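Undergrad: Predicted coordinates and the sequence they were generated for:
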Amino acid sequence: MNRHDYEKMMREEPDIRTSNVRLFEEGTANEFTPPIVTCEHCGAVLPTYGLIGIEDLVGSIAGTDRGGIFWRPAPIRCNCEKAVRFWTTYDMLQKRQREDARLKREMQLRDERLSSMLDRSELQKTFAGKTFESLKPTTEAFEIAVTKCRWYAANFVKLHTEGGRYRGTGLYLAGGVGSGKTHLAAATALAIVEQSVPVVALRSVELYQRIRATYERGALLDEMALMQMLTESDLLMIDDLGKERPTDWTLEKLFDVIDRRYAEKKPVLITCNYTDTELIERLVGGRGDRKTAEAIVSRIKGMCNVIDTGSLDYRTRGAA
């Protein structure tokens, strides 16, 4: 019997209702009868009500004493001024605690879900070992880029707290082939992960492959789950954007991801070898929608600070 049914029965069938006060006055109270209590504010007697013969109606249930009375778990509340104020505050605090507990459970479930998704991310596999400590800047431009990324990683949580001024601001690492963008982006992402922040990191080639794979038979992730992974993670890293030309469909999905993250103020960390014009051409690929490609580049640039890693080849200079 739920609370609604109980309250309804108490109102509509008074003959089956009793109270602990009544039983004590009649001398029929037993060891299961709740004790009589008084209001701590005004001293008024506060009866506890029960239903008689409840076992005949719903069978044996917890809380039913041997006399067949189902007692309410607490006495009635006093309606004196001080008691009303007390219970108003009490109910408000209880509601807040329930809401806090609900939000905590939701966050735990979200983190668990994202953690399982992160197992399928390339961050811990492909980018393992690419830390700030293993970086060896060989140019002034790259050294400045490293300093900026270190600061960003160290302040990521503070920057992206709810209501934060820079919430949703990401990084766009631009530079020539082999300039160290991937290593620097991975080092930034790994430093953020160490702060227990959910991060998804994928090469652009892998991103498109996973989008296409959602429609294959026996796919590990369906489209909804993949989009959830790409849009809900606190940081999404896409390495080498523009290296592979997307199809019309994958271009639309890429736009959906970027657009949703832009709207929800969730940052991206992107590396790219191309100028804006070149990147748009790469995304169009001779068959994609130009407006969609332009919108993607516009969103990315609008939500990112651009960091130039330089044009010299970081790898051939012995620093990789």
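TA: On my side now, so go ahead.
Undergrad: can you count the residues close to Ile307?
TA: If you count neighbours by other C-beta atoms under 10 Å, Ile307 ends up with 24. To be clear about C-beta, it is placed using only N, CA and C from the backbone, and glycine gets the same treatment.
Undergrad: Need the three-state assignment for it.
TA: At Ile307 the chain is in strand, as set by DSSP: H, G, I helix; E, B strand; the rest coil.
Undergrad: Against Leu159, how distant is Arg167?
TA: Going from Arg167 to Leu159 by C-beta to C-beta, to the nearest Å gives 7 Å.
Undergrad: Let me fix that, I meant to ask about Arg22.
TA: 64 Å.
Undergrad: Worst mean pLDDT across the helices and strands of this protein, which element?
TA: helix 54-58 (a mean of 49; mean pLDDT, DSSP states H and E).
Undergrad: Which strands and helices lie in contact with the helix or strand following it?
TA: Next helix or strand after helix 54-58 toward the C-terminus (DSSP states H and E): strand 69-71. Judged by 3 or more C-beta pairs under 8 Å, 6 or more residues apart in numbering; DSSP states H and E, the packing partners of strand 69-71 are strand 49-52.
Undergrad: Show me what the strand it packs on is packed up against.
TA: Counting by 3+ C-beta pairs under 8 Å, 6+ apart, strand 49-52 packs on helix 3-12, strand 17-19, strand 69-71.
Undergrad: Report the buried residues of that strand.
TA: Within strand 49-52, the residues that qualify as buried are 49-51, counting by 16 or more other C-beta atoms under 10 Å.
Undergrad: What count of nearby residues applies to Ala201?
TA: Using other C-beta under 10 Å, Ala201 has 26 other residues around it.
Undergrad: Now do it against Val146, distance only.
TA: For Ala201, the distance to Val146 equals 18 Å [C-beta to C-beta].
Undergrad: Just the closest of the buried residues of strand 49-52 to Phe32, please.
TA: Phe32 has its nearest neighbour among these in Gly50, at 9.7 Å by C-beta to C-beta.
Undergrad: For the residue nearest to Ser19 when sequence neighbours are not counted, give me its contacts.
TA: Of all residues not flanking Ser19 in the chain, Pro47 sits nearest, at 4.1 Å (C-beta to C-beta, 6 or more residues apart in numbering). By C-beta atoms under 8 Å, 6 or more residues apart in numbering, the contact set of Pro47 is 19-22, 36, 75-76.
Undergrad: mind running it again at 10 Å?
TA: Taking C-beta atoms under 10 Å, 6 or more residues apart in numbering, we find Pro47 in contact with 18-24, 34, 36-37, 72, 75-76.
Undergrad: and which of those residues is nearest Glu232?
TA: Checking the contacts of Pro47 one by one against Glu232 (C-beta to C-beta), the nearest turns out to be Arg72, at 43.2 Å.
Undergrad: re the thing from before, give me the common contacts of Arg167 and Leu159.
TA: Counting by C-beta under 10 Å, 6+ apart, the shared contacts of Arg167 and Leu159 are Pro267.
Undergrad: At which residues are the helices of the protein located?
TA: 3-12, 20-26, 54-58, 81-118, 140-154, 156-159, 181-193, 204-213, 223-232, 248-263, 276-284, 290-302 (DSSP state H).
Undergrad: so which of the ones you listed comes closest to Asp239?
TA: helix 181-193 (5.3 Å).
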